[in-house]
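Student: show me how the following folds:
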Amino acid sequence: MKLKLLSILVAASATTNAFAAEEEQKTWEVTSEVGAIITSGNTETTTLKGGIKVLHNLENWNNEYKLDGIYKEDEVENDDGTKEKQRTNEKYSISAQGNYKLNEKHAHLFIYGSHVSDYFGAYRSESVISAGYGLRLLNESNMKLNAEIGPGYKYFKYPDVSEEVDENGNSLAGEYEGEVIALGKMDFSWKISDNARFTQLVSVEYGDTNTKTRSETALLTKINGSLQMKVAYNITNNSDVADDKEATDTETSLTLVYSF
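Tutor: Numbers count the residues shown, from 1 in each chain. As a prediction, the model looks like this:
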């Protein structure tokens with residue numbers, strides 16, 4: 001059978017990255033994004049990706065809540081030649097951030113918390129809480145650059161099959177550890193035209209045991225007044241991982257975003 005590809009990409013959103021002229025800020029703004037890629041034939045895979053972001057804009061606070069997930073199955077061949085589908089990626093994350101506006105324009109204090117559950121990552125789970133200061137470094141009509149920095153604390157769990165050991169040679173599989181970290185984030189947005197926008201987000205969590213760097217490069221293009229297409233490339237790098245894990249994970253996604 002010839003290879004068949006079914007791509008189902010659906011999203012519903014209300015986003016601050018609208019390509020039209022900036023309008024009065026809404027109290028509630030919601031962005032949801034869902035994508036699916038299913039292949040059959042010589043190769044069978046199933047990938048599901050989804051997320052939702054909620055912005056709550058108040059007089060003194062701007063709050064953001066996010067929920068993301070990805071699930072992937074691939075067909076693999078066993079030693080006896082039989083084929084079966086196996087889960088090859090499953091990851092869920094949830095986060096919340098409150099930004100308190102300062103008198104200085106585009107400056108704020110923030111408090112942030114997140115939790116990540118990753119079945120195939122360098123760590124089985126990670127929880128982070130932090131606070132700090134944010135400032136807009138570039139504020140042009142078509143370009144904006146925001147930065148945040150602050151201290152935090154990370155509590156994480158090693159995978160149950162981890163090969164890592166502590167300084168005494170004891171296995172760290174399934175064990176929990178915590179450490180003080182420093183966080184930094186840069187968020188760049190460039191309105192290329194009325195129909196296209198480029199975004200770049202880079203964040204770093206620096207700690208004694210591991211430094212995690214995350215990057216998302218995305219291009220959004222408007223299809224019509226309310227429908228957009230988003231192409232994104234994500235990179236996650238951990239400086240210290242077990243020998244059986246890769247230090248860098250990458251993800252390329254294509255989704256449709258509906259704005260209202």
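Student: for residue 135, see how far away the residue in the chain sticking out farthest from the centre is.
Tutor: When each C-alpha in the chain is compared with the mean C-alpha position (Cα atoms, centre = their mean), residue 80 comes out farthest, at 38.2 Å. Using Cβ to Cβ, to the nearest Å, residue 80 is found at 60 Å from residue 135. Every C-beta, even on glycine, is put in place using the N, C-alpha and C of the backbone.
Student: and for residue 74?
Tutor: 43 Å.
Student: do residue 89 as well
Tutor: On the measure of Cβ to Cβ, residue 89 and residue 135 end up 36 Å apart.
Student: show me what residue 235 is bridged to.
Tutor: On the basis of DSSP bridges, residue 235 is bridged to residue 215, residue 250.
Student: and after the helix or strand harbouring residue 115, which helix or strand comes next?
Tutor: Using DSSP states H and E, residue 115 maps to strand 107-118. As assigned by DSSP H and E, the chain's next helix or strand after strand 107-118 is strand 125-139.
Student: the helix or strand just after that next one - contacts with which helices or strands?
Tutor: Scanning forward in sequence from strand 125-139 by DSSP H and E, the next helix or strand is strand 143-157. Applying 3 or more Cβ pairs under 8 Å, 6 or more residues apart in numbering; DSSP states H and E, we find strand 143-157 packed against strand 107-118, strand 125-139, strand 176-193.
Student: how about the closest residue to residue 173 other than its chain neighbours, what does it touch?
Tutor: Closest residue to residue 173 apart from its sequence neighbours, by Cβ to Cβ, 6 or more residues apart in numbering: residue 162 at 4.4 Å. By Cβ atoms under 8 Å, 6 or more residues apart in numbering, residue 162 lies in contact with 171-174, 242.
Student: now the buried members of the residues you listed.
Tutor: 172-173, 242 (16 or more other Cβ atoms under 10 Å).
Student: just put these in TSV and tack on pLDDT.
Tutor: TSV is the format used below for those (pLDDT from 0 to 100):
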residue	pLDDT
172	83
173	86
242	71
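Student: thinking again about what came up before, the residue farthest from the centre of the chain and residue 87: what is the separation?
Tutor: For residue 80, the distance to residue 87 (Cβ to Cβ) stands at 20 Å.
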